[in-house]
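Participant: predicted model follows, preceded by the sequence.
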Amino acid sequence: MGATIGAPRRGHVVMACVEGEWHALAARIVAEVVRAAGWRVTFLGASVPARHLVSYLHQTGPDAVLLSCVQPNRLVRAARMVEASRAAGVPVLAGGPGFGPEGRWAATIGAAAWGASARDAVALLDRPLSAGTHIGAPPPPPDDSYVALLHRRRELVRLALTAVDPPEETAEDAATGIAHLVDALIAAVRVDDDRLLRDFVEWQAEALTSRGGRALLDEVLGTLERALTEHPRVVARLRAVRG
């Protein structure tokens, strides 16, 4: 399932990228540095489905999971992987900008700790949690809005795509951009931080608007507002982004 690197001198850790996350170079570097520090490392690769991680954890019982996330719109999937790891009794050490500035959202989804670099990962593994005895505080339970958004994700993407009605040659790109935006909204609700959605929209604005100007982005946000009127706090987040 993955490549195991190094001899078992200090324990066994698993390195994985969040499902949908294909930026694996930094994770590979972390794996090599942790290996050099004396750990046996199994690198599961990029875009690891949560079910595959769960299966591997139950088969091997590692001391910790090192979880990489570059894009904040992947936080919902990261939360699933953290939840699965916690259920298996394995602590998660998070890394990557997808967990927010200084890793501010890592604890919110249940990770035991966050590190900014490979050296941080080694230092964190040297703490007691490397023995698998410290999972970290349980994350706050998701609210009803978050659960509703998860269930309606495909519907919301479809509604927004229908509203903007892009030309056939750009429809696939537009659908991808809208899906990323909806994922960022769901993630912002999960961690209760408007900054996540605002920063993501600013980051994606150029790509989205290049397929139809600012009007396209406003139409997507407006469509989401109208579809989510029963969730006033979510609507308030969308309005704040629109300015």
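Facilitator: Yes, it's here.

Participant: where do the strands sit along this structure?
Facilitator: For the chain, strands defined by DSSP state E occupy the ranges 3-5, 12-18, 40-48, 64-68, 92-95, 113-115.

Participant: center of the protein, which residue is that?
Facilitator: L75 (2.3 Å; Cα atoms, centre = their mean).

Participant: once you drop chain neighbours, what's closest to it?
Facilitator: A187 (4.0 Å; Cβ to Cβ, 6 or more residues apart in numbering). The way it works is simple: take the backbone N, C-alpha and C, and place the C-beta from them, glycine included.

Participant: what about the one you found, neighbour count?
Facilitator: Applying other Cβ atoms under 10 Å, we find 28 residues neighbouring A187.

Participant: ok so, going back, columns mean pLDDT, distance to A205 and mean neighbour count on top of the strands of the chain, output as a markdown table?
Facilitator: As requested, the strands of the chain are arranged in a markdown table below (pLDDT from 0 to 100; distance: least, Cβ to Cβ, whole Å; neighbours: other Cβ atoms under 10 Å):
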| stretch | mean pLDDT | distance to A205 | mean neighbour count |
| --- | --- | --- | --- |
| strand 3-5 | 51 | 38 | 15 |
| strand 12-18 | 96 | 23 | 27 |
| strand 40-48 | 95 | 25 | 20 |
| strand 64-68 | 96 | 26 | 27 |
| strand 92-95 | 96 | 27 | 28 |
| strand 113-115 | 94 | 27 | 22 |
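
Participant: quick one: which of the ones you listed is nearest P232?
Facilitator: Counting by Cβ to Cβ, P232 lies closest to strand 12-18 out of those; the figure is 30.1 Å.

Participant: partners of that closest one in the sheet?
Facilitator: Using DSSP bridges, strand 12-18 pairs in its sheet with strand 40-48 (parallel), strand 64-68 (parallel).
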